[in-house]
Structure formats: structure tokens, C-alpha cells
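J.: Please work out how this folds:
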Amino acid sequence: MIKFENLTKYYGDVCAVDHISFEVNKGEILGFLGPNGAGKTTTYRILTGYLQATSGTIKVKDFDIHEDLLEIKKLIGYLPESAPVYHDMLVYDYLNYVADIRGIPGSEKLPHIKQLADLCSLNEVMHKTVNELSKGYRQRVGIAHALMGDPEILVLDEPTVGLDPNQIAETREIIKRIGREKTIIFSTHILSEAQATCDRIVIINNGKLTADFTSEELAEMTKNESFEDIFRKITKGDH
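T.: Down below sits the predicted model:
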């Protein structure tokens, strides 16, 4: 579904992403983890077309990011760490506005918005302004935004950051529901969330790919030590 091939990004002399190669399978929920500054967000920005790679490439289905970026953008819904929502708009009006930007025909807008409201558990806040919402609900609006137009792939950058435990659990359930039909890549600093949600974990550190294991392999690994300890061992000493 998605293939990263020797993806590399330099900012001047600083290598933010260092020849990483891995694949994301169709229908997979993949946790893309790493310490702050590891290269996660840079990788996301290249995948979603906001940055250009220095070398290497990403292929999505049969499309190459250097040749078919517009086609790839149609396949991806992206939620950056700061959800791009207008706080003074009603939730319904905001989603209607996003639908217009995505070019969804008028006759399809209302059913699509209703479907997203159901999927993201937004029905009770559709006629509130975004500014009135809790952080958890704002993140749900951001996820609905990313899902507008029914993309095949969802990329979520820290979707649970700043949420309380109940909001984290609710967001996890939404991601799992979406994952029944979509391919999802998401990052989080809450390792237990990745462990509970993902089919597979990829860890990046100092721009390099340092680990890649399935949820079954992680379950076996964590019989003797915690995921936190495993993560520290994988990423220590390279800062």
C-alpha cells in the first residue's frame, strides 16, 4: 500500500530522516514512534506533500511521490499535531466548509457529514462552536476533517496529545473503528496506546529506522519487560 524507499531529508547539514525504508500494508494500523526530534513529523510532511525529500521516494499504491503527488494527496487524510480548525465556526459549518474545499458535490455533502459525525461521535456537538469544545472533541473534529472525501489512508500526528485518560480511550476506539476500513499511520508518545491500538510498530530514532515488529511480537517481548523499557533500550544513547 505504502512503500518508503531510502527516504532521506536534510535541513542544511542536519539529516532529519536518514535512508529509511519500510512498507505499510493495506488495512494496517501502524504506530510510527520515536523520541522528540526523531524525524516522525518530517516523514509525515513528505508523505503528505508538505515537504520534498532530499533523496529516496515514497510509493503509494502505483503512484510515486515525485511524479504523482496530486494523486497521492487524494488518497491521504492528514491530521497534524495541531488540528487545523477554525475555532469561531460551528462544527457543522466547519465540516461543510471542508467538504466544499474537497469538492464534494452538494447532494453528497449532508450524508457524508452525517456519516463522519456518527463515526467520530460528534452528533451532540455539531451545533456548538469549535471554541466551546473540549480538546478531545476538537481532535475528533480534526479526525473528521482528515476523513472528509473518504481517503484510503489516514495519517495522524499525535492524535491523543493533551487529552485526559477518558478522551484518550475514546479516541483509541474511534481509531480502531476507522481502522476496519482504512490504512492508518499514527504517532504517539503514549506507548500503552500504541500497544493497545496498533497491528504493527515502527520506531525511528535520530532519523534512522531502529525497530519494526508486529503486535504479536511485541506481546511476546513484553512478557519479560515493559514496552517503556524496550523503547528506552532501542532509542537510548543516540541523542
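J.: who's in contact with Val98?
T.: His145, Met148 (CB atoms under 8 Å, 6 or more residues apart in numbering). Backbone N, C-alpha and C define where each C-beta goes, glycine included.
J.: Also Gly106?
T.: Counting by CB under 8 Å, 6+ apart, Gly106 touches no other residue.
J.: next one: Lys59
T.: Per CB under 8 Å, 6+ apart, neighbours of Lys59: Ile2, Lys3, Glu5, Ile65.
J.: Would you mind measuring the gap between the ends of stretch 174-192?
T.: With CA to CA, to the nearest Å as the measure, stretch 174-192 spans 16 Å from end to end.
J.: quick one: average confidence on it?
T.: Averaging pLDDT along stretch 174-192 yields 92.
J.: Enumerate the positions of it that are buried.
T.: Judged by neighbour count using 16 or more other CB atoms under 10 Å, the buried positions of stretch 174-192 are 174-175, 178-179, 182-188, 190-191.
J.: now stretch 72-79
T.: Here stretch 72-79 shows Ile72, Lys73, Leu75, Ile76, Gly77, Tyr78, Leu79 as buried, counting by 16+ other CB under 10 Å.
J.: Tell me if I'm right that Arg140 and Glu173 touch.
T.: No: between Arg140 and Glu173 there is no contact under CB atoms under 8 Å: 11.1 Å.
J.: And for the most centrally placed residue in the chain, nearest residue in space, chain neighbours not counted?
T.: For the chain, Leu156 is the residue whose C-alpha lies nearest the centre (CA atoms, centre = their mean; 1.8 Å). The spatially closest residue to Leu156, leaving aside those adjacent along the chain, is Phe186, at 3.8 Å (CB to CB, 6 or more residues apart in numbering).
J.: Next, the contact list for the one you found, please.
T.: Ile29, Leu30, Gly31, Phe32, Leu154, Val155, Leu156, Asp157, Pro159, Ile175, Thr197, Cys198.
J.: Please tell me how far it sits from Ser55.
T.: From Phe186 across to Ser55, the span is 26 Å (CB to CB, to the nearest Å).
J.: Next: Ser82.
T.: For Ser82, the distance to Ser55 equals 29 Å [CB to CB].
J.: swap in His145?
T.: Separation of His145 from Ser55 (CB to CB): 32 Å.
J.: circling back: of the buried residues of stretch 174-192, which pair is most distant in space?
T.: The two members of the buried residues of stretch 174-192 with the most space between them (CB to CB) are Lys182 and Leu191, at 22.7 Å.
J.: is it fair to say Leu51 lies in a strand?
T.: No: with DSSP: H, G, I helix; E, B strand; the rest coil as the criterion, Leu51 is coil rather than part of a strand.
J.: For it, give me phi and psi.
T.: phi -130, psi 150 (degrees, to the nearest 10).
J.: How about the contacts made by it?
T.: Applying CB under 8 Å, 6+ apart to Leu51 gives the contacts Lys9, Thr42, Arg45.
J.: Can you tell me the SS state at the first one?
T.: Right, Lys9. Looking at Lys9 with three-state DSSP, the answer is strand.
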